[in-house]
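Visitor: what's the 3D shape of this:
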Amino acid sequence: MLTENLNRGLIHFGKYVVAPATLLPIRRGAKKPYEFLTIDQLQAEFGERVTITPFEEPSDAELSDGESLPGFVAVLRNGWCHGRYCDWVGIENRPLRDFRLFDGARRMSARKYPMGRLNPRYYRQLLTTPDRFPRPTRVAGRVLVLNKGAAHNYYHWITEVLPRLELARRAGWTEADYYVVDCYKPFQRQTLQSLGIPREKVIEPHNGLLIEADELIVPSLATALARSRTGEMLREAFGVPSPPQVGGTRRIFVSRKNARTRRIANETQIEEVLTPLGFEFHCLEQYTLAKQIQLFGEAEMIVGGHGAGLTNMLYAQAGTRVIELAPSNYIRKCYAMLSEELGHPYSLVEAHRSRRSRNLHVPCDDLLAAVTGNW
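Guide: The predicted structure follows:
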């Protein structure tokens, strides 16, 4: 079978997926161009080979000036898909700029990484990122592209990868012959299986693979509307009953006791403060996805440190309060933005980070004020 041949021998190391035969960046194929097109420009150049279903809502893709690009689903006949994160998508050697991971820069720049050339990640990426195309692999039938950068992370998987499937379904593409997407972590396998995507239809992307498909179905990056509908899509896929219409009643604290980073050093003290107020403490890594969906659907309030567990606010009813615990100098606003999209009132409680352990210490008075509404 095609997928067995393409996925055979792949090595999974953390977020990296590589084929041993393609580890070196030296290729005999054509040199990659670094001139990127909009979807409208690609259609103007290739005519009937490009069909576009547009959406009015903006996608996560942005122009260099910060302007958001509209959402769409495109069908590219004899389209190309290349790269670990499927960021080389187009027809022949004419790629779309919407999916570029490195902002269209030639190959890679050390400036994109903290500490520049002193960062080992820069060299790992450099060694596995070819500057030339590999030989195209012809795939007959319809191929749906879902993968993107950081797909190994639960937050990005739920809020950025799966909404692209929702966009494709809105455009009428309920199924395909093959799907280009990661499928090596348990939460990835669970969600794909529940959504009716069998393992034998999944092609795992890597930098040594260039697919040329009869019909390449390419959703744009996620839109806020698609993201908000993803929670209900997963609820139906896992067979979890809809939450009560009157609103949730459970108060949930997302514990990070078993996490490798950003543990809350005084969580025992927090438990003593919040338990009398009706809070339940949950280690979500011990639950199935179906149980997490049901749990957060019944929530009235969600409290937790910055981390993947807060992604589950996607399953909560609009109006559920969200309180995030994060270091005072933490600049990632993803959960604040997600709360706004979903209609959840949001608060941030700043924590102190230990220099040695990097664990967090949350001021209980500040947390109590946020929970009781005196913030």
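Visitor: ranges for the helices of the chain?
Guide: Secondary structure of the chain (DSSP state H): helices located at 2-7, 39-46, 120-128, 154-156, 162-170, 186-194, 224-237, 267-274, 289-297, 334-342, 364-372.
Visitor: buried set for the longest one?
Guide: Yep, that's helix 224-237 we're talking about. 224-231, 233-235, 237 (16 or more other CB atoms under 10 Å). For the C-beta atoms, the positions are set from N, CA and C on the backbone; glycine is no exception.
Visitor: might one say that Leu10 is in contact with Val17?
Guide: Yes - counting by CB atoms under 8 Å, Val17 is a contact partner of Leu10 at 5.8 Å.
Visitor: now for the two: what residues contact both?
Guide: By CB atoms under 8 Å, 6 or more residues apart in numbering, Leu10 and Val17 have these common neighbours: 204, 206.
Visitor: and the two? Which one has more around it.
Guide: With neighbours defined as other CB atoms under 10 Å, Leu10 and Val17 compare such that Val17 has more, 24 against 15.
Visitor: so what's the more buried one up against?
Guide: Val17 makes contact with 10-11, 84, 182, 184, 204-206 under the criterion CB under 8 Å, 6+ apart.
Visitor: for it, give me the pLDDT.
Guide: Val17 carries a pLDDT value of 87.
Visitor: excluding chain neighbours, what is closest to it?
Guide: Nearest residue to Val17 in three dimensions, chain neighbours excluded: His206, at 4.9 Å (CB to CB, 6 or more residues apart in numbering).
Visitor: cool, and Arg121?
Guide: Nearest to Arg121 is Tyr113, by CB to CB, 6+ apart, at 5.8 Å.
Visitor: quick one: low-confidence parts of this structure?
Guide: Applying pLDDT under 70 to the chain flags residues 22-28, 64-66, 101-108, 128, 356-357, 374-375.
Visitor: any idea which residue sits dead centre in it?
Guide: His156 (2.1 Å; CA atoms, centre = their mean).
Visitor: just to check, that one is in contact with Gly149?
Guide: Yes - using CB under 8 Å, His156 is in contact with Gly149, at 7.5 Å.
Visitor: quick one, longest strand in this structure?
Guide: Determined from DSSP state E, the single longest strand within the chain is strand 68-82.
Visitor: which neighbouring elements make contact with that one?
Guide: Packing contacts for strand 68-82, counted by 3 or more CB pairs under 8 Å, 6 or more residues apart in numbering; DSSP states H and E, involve helix 39-46, strand 50-62, strand 88-91, helix 162-170, strand 210-219.
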